[in-house]
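Visitor: have a look at this prediction, sequence included:
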Amino acid sequence: MISLLSRFKRCMSKGLTLGLVFGAIGTVSASGADHGEAGFNPSEFIIHHIQDAHEIHLIGDVHIPLPVIAYAPESGQFDIFLSSALHHGAHLGSSGLWYTMDHGKLAAHDHDPTGHDHSAHDHGDDHAEEDHAGHDHEAHHAGGVEIVDLSITKSIFGMLLMMGLVLVLFASAGRGYAKRKGQAPKGLQNALEPMVLFIRDEVAIPSIGRKKADRYLPFLLTVFFFIFFSNLLGLIPFIGGFNITGTLGITAVLATLVFVITTVSGNKHYWSHILWPAGVPLPIKFILVPIEIASIFIKPFVLMVRLTANITAGHIIILAFTSLIFILGEQFGGGVGIGTGVFSTLFMIFMYMIEFLVAFLQAYVFTLLAALYFGEATHEAHH
Amino acid sequence: MELAMILLESMNQGLAGLGAGVAAIGAGIGVGRIGGSALEAMARQPEMSGDLRANMIVAAALVEGVALFAVIVCLLVVFA
């Protein structure tokens, strides 16, 4: 009899949780199905969450505007203003240029392209009014000004956040070590020490050798923790969807740094291996040397693409499972939406676990390969 | 004739999807082989399991990287 009661209680608790899940998903799917102005467009939804933006879009209509910094090479002037000014039509900057935002791309004109203002240029106004619905290429040509977009976008803001975080964490841990010389580590040091030792003992020293590893260790540690924390930040939902390491620009810089350090610290042995490989017959040298020279550039490029592609693909998968709920809900009605919601959410949780692994793994692989390239470059001749 | 025109217009995106699928086949085969040989080696020598597991994961990440190149190229075809 006791077992019957406990079984009943367990069934009830399971049913309750399932009911809560149904209810939550149901409300979400119901609101989602009515939300889209023209239905739910999954590719637009996914692209919007992957791409960089000039604001942080939290929920619905809540945006955190970010500063737009535009530099016009012609006049040499900077214009700085918050991106919330671009929500309603064009914005007149302090240097006299009009700024518009089209599909997330900043453009500058020397007159107001929306034509709502009392502008003297009829020519440009007509063009703008005609094709304002689509891409305003014509309006761009009629009075468009070249600008360099140096804004603090979402990814840059996230990057600065991560830089600050890494700096603060390690500065405080370092101070802790200096203060408590010879004593057991306390607090934050406990969390960071295993990872730092892991990078030093499993990645840097085996690849570079004990003698020279200390020279490259600061860079390797910085790169590892920056990429790791940036990947993790991209996984946190509801704070605006950061995609820092999925931005080609940021990974390009990391890869360029690896390239520069490898090239600068390459010793004679390294270059002789590339330009005049030993023990290879002459005809094959003609094929091998161009390939080796190309690989100097290809290896960092591959590092960049690997990191970007892995992180972006992870974000796309999670977003695709989310949009599956809304697609099916719209297509077949609310009930299917709810049912899909349950399974999609469970699968999404599973994918999230995989994404945690990928976040660490990609940081580790980037650091490992960078250490391998440094080791190659500084390898002493011993044959 | 018109059918051919319709097909040609949207062929880009269809082929891009096909390309991404073929890339997935490559990734599946590659990582499957890595996992298979790692398991075999772990069965032969259980005390080396930790070492083998770490190396297997690194190799899998590198192979996945190559497959994701193809995915990026397909995405570029569709969206640019």
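Guide: Received, thanks.

Visitor: got the buried residues for the helix or strand containing residue B:70?
Guide: In this structure, residue B:70 sits in helix B:49-79 according to DSSP states H and E. Neighbour-count burial for helix B:49-79, with 16 or more other C-beta atoms under 10 Å in any protein chain shown as criterion, is recorded at B:52, B:56-68, B:70-72, B:74-75. C-beta coordinates here come from the backbone N, C-alpha and C atoms, glycine included.

Visitor: is it in proximity to chain A?
Guide: Yes. Against chain A, helix B:49-79 shows contacts by C-beta under 8 Å from any C-beta of the partner chain at B:57-58, B:61-62, B:64-65, B:68-69, B:71-72, B:79.

Visitor: was I right about residue A:107 contacting residue A:97?
Guide: No. Under the criterion of C-beta atoms under 8 Å, residue A:107 makes no contact with residue A:97, lying 9.9 Å away.

Visitor: which neighbours do the two share?
Guide: Applying C-beta atoms under 8 Å, 6 or more residues apart in numbering or on different chains, one finds that residue A:107 and residue A:97 are jointly contacted by residue A:147.

Visitor: and the gap between residue B:24 and residue A:288?
Guide: When distance is defined by C-beta to C-beta, to the nearest Å, residue B:24 is 33 Å away from residue A:288.

Visitor: ah, wrong one, I meant residue A:91
Guide: 56 Å.

Visitor: which one's more surrounded, these two?
Guide: Applying other C-beta atoms under 10 Å in any protein chain shown to residue A:91 and residue A:288 shows that residue A:91 carries more neighbours, namely 20 against 15.

Visitor: identify the residues contacting that one.
Guide: Contacts of residue A:91 (C-beta under 8 Å, 6+ apart): A:81, A:85, A:98-100.

Visitor: any idea how far residue A:205 is from residue A:199?
Guide: Computed as C-beta to C-beta, the residue A:205 to residue A:199 distance reads 10 Å.

Visitor: the more surrounded of the two?
Guide: Neighbours per residue, other C-beta under 10 Å: of residue A:205 and residue A:199, the larger number sits with residue A:199, 23 against 18.

Visitor: contacting residues for that one?
Guide: The contact partners of residue A:199, by C-beta under 8 Å, 6+ apart, come to A:217, A:220-221, A:224, A:367.

Visitor: for residue B:71, same thing?
Guide: A:309, A:313, B:20, B:23 are the contacts of residue B:71 under C-beta under 8 Å, 6+ apart.

Visitor: tell me, domain by domain, which residues of chain A belong where.
Guide: As given by automatic domain parsing, the domain ranges for chain A are A:67-149, A:154-377.

Visitor: what's the burial count for residue A:165?
Guide: Residue A:165: 15 neighbours (other C-beta under 10 Å).

Visitor: comparing the domains of chain A, which gets the lowest mean pLDDT score?
Guide: If you rank the domains of chain A by mean pLDDT, domain A:67-149 sits at the bottom with a mean of 67.

Visitor: got the end-to-end distance for that domain?
Guide: Length of domain A:67-149, first residue to last, C-alpha to C-alpha, to the nearest Å: 11 Å.

Visitor: over to stretch A:92-99?
Guide: End-to-end distance for stretch A:92-99, by C-alpha to C-alpha: 6 Å.

Visitor: can I assume residue A:89 sits in a helix?
Guide: No. Going by DSSP: H, G, I helix; E, B strand; the rest coil, the assignment for residue A:89 is coil, not a helix.

Visitor: all set now, cheers.
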